[in-house]
Every structure is written in C-alpha cells, then in structure tokens.
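Enquirer: After the sequence you'll find the predicted model.
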Amino acid sequence: MTLELANVTKNIGAEPHIFETSLSFAPGRFNILLGATNAGKTTLIKLMAGLERPTSGEVRVDGHNVTGISPQKRNIALVHQFFINYPHMTVYENIASPLRVAGMERAELDRRVRKAADVLQLGPMLERRPQELSGGQQQRAAIARAIVKDSTAVFLDEPLANLDYKLREELREQLPEILGERGSVVVYATSDPTEALLLGGYTALVHEGRITQFGPTSTIYRSPANLISARVFSDPPINLGHVEKRGSNIHFGTISWEATGEAINLRDGKYTMGIRPHHVSPTQPAEFSIPVTDRVKITELSGSESVAYFSLEGSDWVSLSAGTHPFEVGKEHEFYLMPKRCFYFGPDGTLAAKGSSDG
Amino acid sequence: MKPRNLVPIIYILFLLLPIYWLIAMSFKTTNEILGGFSLFPQDFTLDNYRTIFTEPVWYWGYFNSILYVSLNTVISLVAALPAAYAFSRYSFIGDKHLFFWLLTNRMAPAAVFALPFFQLYSSVGLFDTHLAVALAHCLFNIPLAVWILEGFMSSVPKELDETAYVDGYSFHRFFITVFIPSIKAGVGVAAFFCFMFSWVELLLAKTLTAVDAKPIAATMTRTASSAGYELGLLAAAGVLTIIPGAIVIYFVRNYIAKGFALGRV
C-alpha cells in the first residue's frame, strides 16, 4: 500500500503549523522525515496516523481518503521518542496488547509475541515490567509492540534520540532489517542527518512546517535543491560564503579558484556558496583543493572527530575531520576547501550549480 | 541517646499523649476516670467495648458511617476520574478558571450548606438516608479528588494515550484497562482523602440524618448528653473511630509520599 498526504495543512489556533504539503510514501523501504526539533515532523506523523486532523487536505491510503478515520481503525503502529509502554503490564502483555485488542486467538498470539520478542532480544525479559528494564530494552519492547501485528504503516518518531550512543548504533543497524522485510510503509522521523544517511531509503527534508525536498536519501544529500535543504541536511551546519563567478573563476573575497563541474557553465554573477564542514579539511586532501589560512577560535575533539571553528571572509566556518588534529586556539591553521564539493545557490536560494558534475 | 534526637522524641510523645489517654480511658470505668489521676487502668475492663458491640444504637452508628463514607468515596471517584482526565488532557474555554473554582468550593464552611441541603433533601425525600450524606459530602470531596487525580494524570505522558489508540484501544477500554491502572497510586490517594474527610465530617452528617442513617459521631454526642457522663464508653467509641482511618492510611502510606512529590496532597 502507499500512504499519501494530498495538499495537507495544519493550523494550531490561527497559526499555521504545517504549510500545504503533498507527499507519497511507498512500502518496503525507509521513508525518513529529517528536520530540526519543532520543524513539524511529529505533527506530520500525527496527521498520517490520524491522531490529528488536517485543517485542509486529505490523507490517502492506496488512493482512498482516510482523513476522518480514527487511528484505532487504521491498523497502524507507532513508536515514540519517549519509551512508552503500559506500566502495569509485563513486557509480554505489552507486546501482546495490540493483538489482544484485535481479539486474536491464543496460540497464534503467543507465537507472534515470542517471535517479536526474539527479533528484539527480549526473550528473557518477557515477565518483567517496563520500569524494571533499561532504556534500550524499554524502547525495544515498544518496537516489538509496533511490529507484532501486520500493520499497514509503522511510524517511528525519533525512536533512538533518547538512547545512549552505543545502543543507538546497535538498534539503528537492526532497524532496517526488522522493519524492512515487512510490506508496510515505514516512516521514520529523525533530527540527525547522519542517521538519515545510514538508514538510506527516501528522505523528506522538513523545515518550519514545509517539505523542502523529497527524494532518495543519497541523491538529495548530493544535490540539495535549495539552500534550506542543504542546511537541514548538514550537521554541523553547512558553511556559507558570498562568491562571485567571473569568467572561468569563482571569487570568494580575496581567494579565487577555477570553476569545476557544473559550475563551469554557471553564468557570471553573485551566488551563495555552501560547503559541508567535512569538505573543509585541516590536511591537504588528494583531490583539487584551495588552501585558506585562519585563526582557530574554538575546537572540539570527540573520540573520532575533530571540529574547528574559524571565520572566513566575515562569516563563521566549521571544519570537521576524522581523527584528532592538534588545533591550537588562537593559532593560524591552514584549511583546504574542496571546490568539487561546493554548491552554488542563486539569489532565490535554489541550487544553480554544483562543483561536481555527477547526477 | 544523642541530644539531637530528643526534640523529635518529645514531639512524638506529645502527639501520642492524647491518643494514649483515649485508649487508657476506654479500658477504665467511668468512676475511675472521674475518681482521680491514674496513668494506667487500675480496674481494667472491657465493658465499654462490650456495650458498643452489643447495643444496636452503637454498632449501627458505625455501619451508617462506613456505609455513607464508602458510598461517597465511590461516587466521588467515579465523577472525578473523567473530570480530572478532561482537565489534564484537553484545553477548553475557561478550563483554568473552572479548575481553580473547584478548589474555592472548599473555602466556605460546611455550615453554610447545611440549611440548603437539609431543606432540599427533606423536600425530595432523601432526608435521613445514607445517600443524602454521601451526596452532600461530594460537595467538597469531588473537587478534592479532581485536584489530586489531575496531578497524577498530568504526570502520565500524553503519548501513552496516543500509543493506545494506535494499538487499537477504544477510549473506554484504554481509560479503564490502561489509564486507571497506571495512576492507581493517585486513585488510592484520592480515595484515602475522600474517605478521611467524609469520615471526620460531623455537621452535615448530623444535620441530614435522624435515626436510620445516624453516624457514629452523632451517636457519641447524643449519648454524652442524655445518659450523664459515660466517659469510658465514649473513649471506647473514640478508639473505634480512629481505627478505620489508621487501616486506610496503612495501605496508601507509600502513595501519599508520591502525592506530596506532585504537589497535590
């Protein structure tokens, strides 16, 4: 089945929360809603699940309008960011509850509950109560409850956001496997661009109540349709600079380089350039690069990545690189921009050209 | 013993002194009580309790009290659970004012309502029934129960409701089989306070009853005046009046702490 939003809007009070949105989600793959907190991801999920009614527009399943139908009758499943389980029931009863409500006979119910519990490694915890489990196990129980019935759609609203790093990675690896083999539509909301890339599938970028771009995750990562999409799909924030194309060269303040890729055919004029932080390297990369030198303002080191903040031509820039680099705050460091990784946006914010020439 | 323990010990002794005195008196004869000062019963007797358990005027007093108190607790909870849910989950015009107004019902002395209730119940034939007292006590117990339950309900995330709807629960099934069990501590605390306030309330209970539904506290005051000083008997009745409250508080003692934490008790 397919799940479709047709010209849906949602106002809360007089204030528009979701602007006119049309989306179509196909089964059998991950459909990701990527956007910052408060962008409207949860509202979109609630609209699709029937927990909220759209102000205008329709929600369709296989072309049928289901807008007014209550969530109880929609045969869907939902996993929240917070670990929501029924506190007075055992894990077994929690997982069984959607089937019990549906009136399934006992043997089949028991078989399914045990299968779902096996998939999510909850076998030994079935007789415990949710509050006796760790956060990761509680969320596993919630996911088990979501997959135990043959729902037509499964919604996951930032299911990994409240888990610690290790559990998040572990569950993220398993989720496509757990959810993928079913014929249901999977809609997965996240605020983490890396998570979207790792999960693959299709991604809709959500920004302040609007869908700014929708398509295969890797495609929209490589070709953001506009400045907002490029910003949403970058963490840390994408670096921006005002550039001018003159002849065959791109001029960025005092720096200039020869245009590459699609940018070769870019008309002369002023553009906003965007480049993701990990394409501003503190070491000289193998590909064509432009060195810039600046004083490092702040650095952050995590175990596997180094982040350096500096300012370039009047705006704040970030460099993100693998490994640990000995940045010294207040000292000049050399960074290398990779022109092939640049995006050039026109004055209206839409993508004019990329520094590369791939799709 | 450390000196700093002295203060709480003295405090507790002072608190327990009247209760001890009551219990001691209940095992004395009236003559001994009036005769002079004695710390322990010199002439230990169970006659006072025997009287209460054998004379219908006395034991019916307890039955009546327990009947209307239980009735009131049930009515209060049944009415307050959906009301508290509405206050906790929905926003509607005037919700905050209405919620505060519930509390203001407790600000008037019960005496204010005694006359209108008496007249109203007399004219509809409810006078001297258990239901009359139970309903009258709802006046202050329903707002109290709503106030307590709303605190507990608001501590349950709204996502629980949504998850249940998506899992296929109808509202009623969700409310009864999922929601109420998950706030059972709050239900316990609310029930306890309804029970206590109804149990100790004397003025309305006395005004709205004559013979058939006469509460124990009313029996105690009348006996004191008609049959002279039966202090031993009264003390025994007093001891028996404390017991139900003590039993109920034993069951909800852990929940009450949670209610304090939510700021609703």
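Expert: That came through, no problem.
Enquirer: Could you point out the bridge partners of the residue of the stretch 201-350 of chain A found nearest chain B in the sheet?
Expert: Shortest the stretch 201-350 of chain A-to-chain B distance, computed as Cβ to the nearest Cβ: residue-wise this is A:V206, at 19.6 Å. All C-beta spots, glycine's among them, are computed from the backbone N, C-alpha and C. Beta-bridge partners recorded for A:V206 (DSSP bridges): A:I211.
Enquirer: wait, isn't it in contact with A:T43?
Expert: No - using Cβ atoms under 8 Å as the test, A:V206 is too far from A:T43 to be in contact (9.4 Å).
Enquirer: Counting neighbours, go ahead and name the busier of the two.
Expert: For A:V206 and A:T43, the more surrounded residue by other Cβ atoms under 10 Å in any protein chain shown is A:V206, and the numbers stand at 27 against 19.
Enquirer: which residues sit in contact with that one?
Expert: Residues in contact with A:V206 (Cβ atoms under 8 Å, 6 or more residues apart in numbering or on different chains) are A:33-35, A:39-41, A:44, A:212, A:232.
Enquirer: Give me the subset of the residues you listed that lies in helices.
Expert: Under the assignment DSSP state H, those contribute A:41, A:44, A:232 to helices.
Enquirer: Go ahead and confirm A:F214 touches A:L23.
Expert: Yes - the criterion here is Cβ under 8 Å, and A:F214 meets it with A:L23 at 6.3 Å.
Enquirer: intersection of neighbour lists for the two?
Expert: Common contact partners of A:F214 and A:L23 (Cβ under 8 Å, 6+ apart): A:A204.
Enquirer: These two - which one has more neighbours?
Expert: Between A:F214 and A:L23, A:F214 has the larger neighbour count (other Cβ under 10 Å), namely 21 against 18.
Enquirer: Any figure for the gap between the more buried one and B:G35?
Expert: Here the distance between A:F214 and B:G35 works out to 95 Å (Cβ to Cβ, to the nearest Å).
Enquirer: Is A:L163 in a helix, a strand, or coil?
Expert: Secondary structure of A:L163, reduced to three states by DSSP: H, G, I helix; E, B strand; the rest coil: coil.
Enquirer: how is the chain carved up into domains?
Expert: Assuming you mean chain A. Structural domains annotated on chain A: A:3-232, A:239-354, as defined by automatic domain parsing.
Enquirer: sorry, should have said chain B
Expert: As given by automatic domain parsing, the domain ranges for chain B are B:1-45, B:56-261.
Enquirer: Out of those, flag the one nearest A:E4.
Expert: A:E4 lies closest to domain B:56-261 among these, at 19.0 Å (Cβ to Cβ).
Enquirer: Does that closest one reach chain A?
Expert: Yes - applying Cβ under 8 Å from any Cβ of the partner chain, one finds domain B:56-261 touching chain A at B:157, B:159-160, B:162-170, B:173, B:178, B:181-182, B:184.
Enquirer: Next step: the residues you listed restricted to helices.
Expert: Among those, the residues falling in helices (DSSP H) are B:159-160, B:162-167, B:173, B:181-182, B:184.
Enquirer: can you tell me which two in those are farthest apart?
Expert: The most widely separated members of those, counting by Cβ to Cβ, are B:V166 and B:K184 (23.5 Å).
Enquirer: more neighbours, these two?
Expert: A side-by-side neighbour count of B:V166 and B:K184, using other Cβ under 10 Å, places B:V166 first with 27 against 13.
Enquirer: What sits closest to that one if chain neighbours are left out?
Expert: A:L78 (4.3 Å; Cβ to Cβ, 6 or more residues apart in numbering or on different chains).
Enquirer: Arrange the ones in helices among the contacts of A:V206 in JSON lines, one row each, with pLDDT as further columns.
Expert: What follows is these, written out as JSON lines (pLDDT from 0 to 100):
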{"residue": "A:K41", "pLDDT": "94"}
{"residue": "A:L44", "pLDDT": "94"}
{"residue": "A:V232", "pLDDT": "91"}
